[in-house]
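# got a structure for you, letters missing:
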C-alpha cells in the first residue's frame, strides 16, 4: 500500500471509452477490448481502490452482442464482488442519484449483493439510452447490481446534476456526472441557462468536486463541443470521456481554475494519431481538497504506430516522372512499415501481455501527380506481422483535402440545419430520401450491396430493427407508383450528394454519406436551429479516416464563444473558487 | 402453510413457456408476458417454494430486447433475492450440472449473492444457444447469478444427462433436464442409443427422479416428436415444456409407469385451440417417493375464446344462393363474437388482475361456395372490446384443407431431406436461393417489401445480423453477373415453390415459405438423413393459423415407432420401476 493511502484518502480508478465488443468478430483483434477490461478490473482489485469511475462508452455497440454482455457481466462479477469491505459512505439522496433502476441505491449497500468494488458509470454516445423506456446497456448491469449507472438526465428541457455525495474518513467527495448528450444540444442548453449543478449547502469549501462528462472536448465546429468554460468553476477536477487520445495528466484551466484529465480510450477504434498515444488509466487519490493522479500504463493494449509520408518531400529520390516511380514509392513505404514494426518489437520486448501483432498505419500524401500503388499486394507482405494488414496504407492528398475543408467551412450550415431541423428528420427519413434519390436512375438491385447492408446494420445496431421493414415497405411503394416531386432544399442537397458519390462508383460510400448526414441532422431533431459546422461533425468519434489531416486544433483553454455575458446556469448557488493543486 | 409442508417436503413451483417479450410492442398486449412473469414469481414467493423449475422458452426471442432483459432481471432480483434461508442441499458435482458459466455452482451457494428462491431452467427452442460461444439468453441470467441454467448438452454426438442431486430432510430429488434440441435429431439420437441418463449408484430406490424436457410431445410427423416411451422408466415425473396447451394434471404413462405434467405456456402466442385452455402453473410437492401437484390458475393471463362456425351447417338460415348471404354470414359471426365477449365478461367478474379485453377467434369454415366478407370493417366494431380486433375472423375451407394435408403427407420428404441434409444448408443459403430463384423474373425492387422485411427480421431476431450484409452482397453479385446454372434438386424444388407462391401474388407469403422451409431443413443441418414429415413440421410452435384444423391427435401413450427392440441408451444403469402415485 502506498504511503499516500490512509483512512481519509479516496482511491479511485478512472477509465473511459473501453468500447467493449469493438471488432469482436475480428480474428486477430476480437478479444482486445475484453482483455483490456479484464486488465482494468484486475488493476482496480490489485490496487484496492474504493471505487471505479467510468466516463462512458463501456460498450462499443448500443446493443451489445450476447457475447459482449456475457463477458462484461462475468468480469464484473469476478472482480467487483467479494468480501472486501467498503470504506466510504454515501450521504446524498440515492433515489435521485440512481434514477434508472428499480433499485435506487448504490450496489454495495444492497443487502443481497456482496460488492467489493463499486463501479460508477455515466453512459457515452455509443451506449446511450434509446427506445421508449430510455434504457441503455448499462441499465442491464445496474438492474443486475453490477454497476451504478448515474448522470442520466431524463429531461431535454432542463438538466439538474445532483452529485453523489461520498465521505471517507474526513474527506468529502461530490461526484457529478452527465451522460452523453448531442453536443449541439448540450451547448445550447448551457448557453440558455438550462444546466444546473447542485451543490450541498453545508460546508461548501470542504467538498472535492469531481465531474465526469462524455462530450467533444476538441472543437469540431462552433457549437459542436463543450468549452471547458461552460463548466462551473467550483469544480476541482473534470474526468473527460469521449476523446480517445490519452491525455490523462491533469491540465489546469487557468480561467476556471480547475483541472481536466482525459484518460482516453483503452482500445484504438480508429487508426488516427490520437489513438497512437500510449494508453493509460488513472489511479486518482483524493484527500481533503488535495488530489494526486497516478498514471497506470495498460499492458494488454495492442501497439499502434502511425507515420506520415509526403511523397513530394522525396525529390532527391523520385518525382512523378521518374521511371518506375510507383515501385520506388512502394519500396519506400515498405521500408517505413518495416521500421515501425521493428520499433514495435523493441518496445514490446518482455511485455508478455501485449499482443504480438501491432496496428500499423502509414499515411501517404501522394499529391503532386503521384499514383497510388496496389495496396492489396502490399498488404500480403505483412499478413503475418501486422494486425490490420488490409488497411496499413492510407493514401491522401493533403493540399486538396485542406482546400476541401476550407470550402466546407464556408457553407452556411446554419441555414441548412434551419431547414432540416424544422422538418424533424430522422435517420429513417434520410435513408428513405436516399432511396428516392437513387431509384430514379439506378435499379434498386444495384444498391442492395455492401453499402445498403451497412445502412441496415446501422439500424440494427441502434436497436431500430423495426425500422427495416418500415423502410423497405416504404421504398417499394415509392418504386411502384414512381416518384413525385419534392421541394425541400435539404433533401435535394442530399440527393445531389448521393448522386455525386454514386458517379464516383463508390456505393458503399454513398450510403455512409447519407447515414452520416442523417446522424448529424438527427442530433438536431426537434430542436431549434443553431449554427453548426457539419463538415467537422461528420468526422467525429471513431469514424476512421474521416479525421482531418492534420487534426484540428483543440478548443480548450479558450473562451467559450457564443456565450457572452449570459449566466452560467448554476441557479442560486454562489461561486467557490477552487484552490486545489495537483501534487 | 399447508399441512403437507414439512422439513422433508420439496416445494417446487413449475412453469414453462413464459415467452417473455411476446408482442411487447403491441399497444394492448405488450405487457402481458411481463405481468404474468411477475405473477408467477410472486406466487413462488408467497408459497415459499424451495425452488422454481422452468421448462424452457422463458424468452420469446432468441435475442430478447433490452426492455425484455431489463424487465426479467429486475423481476428476478425483486422476487428471488432476499434473506429467506434455503432448506435443501446439492450433492452432485455442480461443475457438471452448471456447465455454461464461469460460476459453476448453484446461485444460492454463491458467497456474494443472497438468493431466497433459486430458479432452475433449461432452454427452449425460442431461447436456444446460438453463435460460436453457444450462449443463450439464459446464460446472461446465469452469469448474473439470477438463474441456474442446466441441461445444456454441448455435444451433438452423445448426450449424457447428469442430474442435479438435491436433498431436503430425508427426501432425495434427482433433477434431470435437457434443453431443447431439434426433434428429429433428438429422436434419432434416442434411436441410436446416444442419450444416456446418469443415475446415482447409491440408494437408487430412494431418489425421486424428475425430468424436464422441451420438445414436441404431440406427433408432428414420424420422427418429429419425442415419444414418451423413449424416456427412461426409472423417471417418476416428466415436466414437459414446449407444448402450449395446459395439461398440467399429471397423466400416467401406463407403459413406462411414470407421470407427465404439461404446464403449458403462460401467454397465448397463437390463437389456436390449445392456447384457449385455462392457464395454470403448478406447485409440486415431493416427499420421499410421493408427489402431489397443486394447480394454480394464473390471474393475469388474458382470456382467450375460440369458436368454430361451419357455414354449411346453417342451411336452415342461408345457402350460398340466398340473397345477401354475405351480410347474413357477417351477422351470424357478429352474434357469435358477441356471445364470446359476454361469456368472457361473466368469467372475468371480480378478477381484477385479468386484462379487460379478451382475445377472440372465430374460425369460419366457408367451404361449399360461400364468400368471405370484409373483415376489416368487421374488426372495427370490436376495437374497443377485443385485444386482437384485426384477426378475430379466420376464414378457412375445411374440406379442401384436409385434402391438402393428405397430399402433403404422401410426399417423400425423406428423400427430400436426404438431398438437403447432405448439402448442409443454412437459413442464409435458403434465402440466397430465394433471391436467385426470383431475380430472374422479378425486379428485386418488387421483392423488397414486407416479405423481404420479414425475412430480414428473422435474421435479426436470430442474432444473425451479420448475415444480412453477407446476404445482400451476395445477391448483388448474382444480379450483376447473372445466374449460372445450378444442379441441386432441392434448390430447384424450392425455386419452384417460391415461383408458384409469387404467381399467386402473395409475396410476403413466399419469403415465409422459403424461411420456414429453411428452418425445417436447418434442423437437419449436418446430420444424417431420416424420414420426416415436413408438412407438419412447418406448422409447429407458435406459428398461428398453421395448426391443422382440427388439430392432430396426440401421439402420447402409444408405442415409439421406428425404435424397435433397440437399446434405450441408459448405459450400464439398471431399471427401476417407479411405483409412485399421485395423491
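Done, it's in. Keep in mind that what you see is a predicted model, and the values were worked out from it rather than measured.
# in chain A, where is pLDDT below threshold?
A:1-2, A:399-583 (pLDDT under 70).
# can you list the domains in it?
Chain A breaks down into these domains under automatic domain parsing: A:9-297, A:304-396, A:411-537.
# most tightly surrounded among those?
domain A:9-297 (a mean of 21; mean count of other Cβ atoms under 10 Å in any protein chain shown). Where C-beta positions appear, they are placed from N, C-alpha and C, glycine not excepted.
# quick one: end-to-end length of that one, please.
22 Å (Cα to Cα, to the nearest Å).
# is chain B contacted by it?
Yes - applying Cβ under 8 Å from any Cβ of the partner chain, one finds domain A:9-297 touching chain B at A:25, A:63, A:65-67, A:69-70, A:73-74, A:77-78, A:81-83, A:101-103, A:111-115, A:131, A:133, A:135-137, A:139-140, A:143-146.
# what about residue A:99, distance to residue A:40?
26 Å (Cβ to Cβ, to the nearest Å).
# the residues of domain A:9-297 next to chain B in helices, which ones?
If you go by DSSP state H, those have A:66-67, A:69-70, A:73-74, A:77-78, A:137, A:139-140, A:143-144 in helices.
# farthest-separated two in those residues?
The largest separation in those, counting by Cβ to Cβ, is between A:78 and A:139 at 20.9 Å.
# quick revisit: next, format the ones in helices among the residues of domain A:9-297 next to chain B as TSV and append distance to residue A:217.
Formatted as TSV, those follow (distance: Cβ to Cβ, whole Å):
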residue	distance to residue A:217
A:66	33
A:67	32
A:69	29
A:70	33
A:73	31
A:74	33
A:77	33
A:78	33
A:137	24
A:139	26
A:140	28
A:143	31
A:144	32
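# what's the first-to-last distance across stretch A:48-55?
First-to-last distance for stretch A:48-55 - Cα to Cα - comes to 20 Å.
# check stretch A:167-187 too.
32 Å.
# before we move on, what about stretch A:96-108?
Using Cα to Cα, first and last residues of stretch A:96-108 are 17 Å apart.
# show residues contacting that stretch.
A:86, A:90, A:94-95, A:110, A:113, A:115, A:118, A:134-135, A:138-139, A:142-143, A:145-150, A:152, A:154, A:162-164, B:74, B:77-78 (Cβ atoms under 8 Å, 6 or more residues apart in numbering or on different chains).
# in which helix or strand does the spatially closest residue to residue A:126 that is not a sequence neighbour reside?
Excluding the flanking residues, the one nearest residue A:126 by Cβ to Cβ, 6 or more residues apart in numbering or on different chains is residue A:57, at 4.5 Å. Residue A:57 belongs to no helix or strand when assigned by DSSP states H and E.
# again, but for the one 4 residues further on
Assigned by DSSP H and E, residue A:61 belongs to neither a helix nor a strand.
# how much space separates it from residue B:131?
Residue A:61 is 15 Å from residue B:131, by Cβ to Cβ.
# is it correct that residue A:177 is in contact with residue A:138?
No - the criterion here is Cβ atoms under 8 Å, and residue A:177 misses it with residue A:138 at 11.6 Å.
# from the opening residue of stretch A:183-203 to its closing one, how far?
Note: stretch A:183-203 ends 33 Å apart using Cα to Cα.
# secondary structure element holding residue A:211?
Under the assignment here (DSSP H and E), residue A:211 is part of strand A:207-214.
# that strand: partners in the sheet, and parallel or antiparallel?
Using DSSP bridges, strand A:207-214 pairs in its sheet with strand A:171-178 (parallel), strand A:237-241 (parallel).
# contacts for the first one?
If you take Cβ under 8 Å, 6+ apart as the criterion, strand A:171-178 is touched by A:8-10, A:53, A:88, A:120, A:122, A:150-151, A:153, A:159, A:161, A:163-167, A:197, A:199-200, A:203, A:206-214, A:235, A:286-288.
# if we use 7 Å, what do you get?
For strand A:171-178, the external contacting residues (Cβ atoms under 7 Å, 6 or more residues apart in numbering or on different chains) are A:8-10, A:120, A:122, A:150-151, A:153, A:159, A:161, A:163-166, A:197, A:200, A:206-213, A:286-288.
# now the shortest one
By Cβ under 7 Å, 6+ apart, the residues outside strand A:237-241 that reach it are A:14, A:16-17, A:53, A:55-57, A:124, A:210-214, A:217, A:231, A:250, A:258-263, A:291.
# run through the bridge partners of the closest residue to residue A:189 other than its chain neighbours.
The shortest distance from residue A:189 to any non-neighbouring residue, by Cβ to Cβ, 6+ apart, is to residue A:195 (5.3 Å). Beta bridges link residue A:195 to residue A:159 when assigned by DSSP bridges.
# the longest helix along chain A packs against which elements?
Criterion DSSP H: the longest helix present in chain A is helix A:325-348. When contacts are defined as 3 or more Cβ pairs under 7 Å, 6 or more residues apart in numbering or on different chains; DSSP states H and E, helix A:325-348 packs onto strand A:304-310, strand A:359-365.
# save the ones you listed as JSON lines, and put in distance to chain B too.
Shown next, in JSON lines, are those (distance: least, Cβ to the nearest Cβ, whole Å):
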{"stretch": "strand A:304-310", "distance to chain B": "26"}
{"stretch": "strand A:359-365", "distance to chain B": "23"}
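# can you redo those as TSV with distance to residue A:297?
Shown next, in TSV, are these (distance: least, Cβ to Cβ, whole Å):
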stretch	distance to residue A:297
strand A:304-310	14
strand A:359-365	17
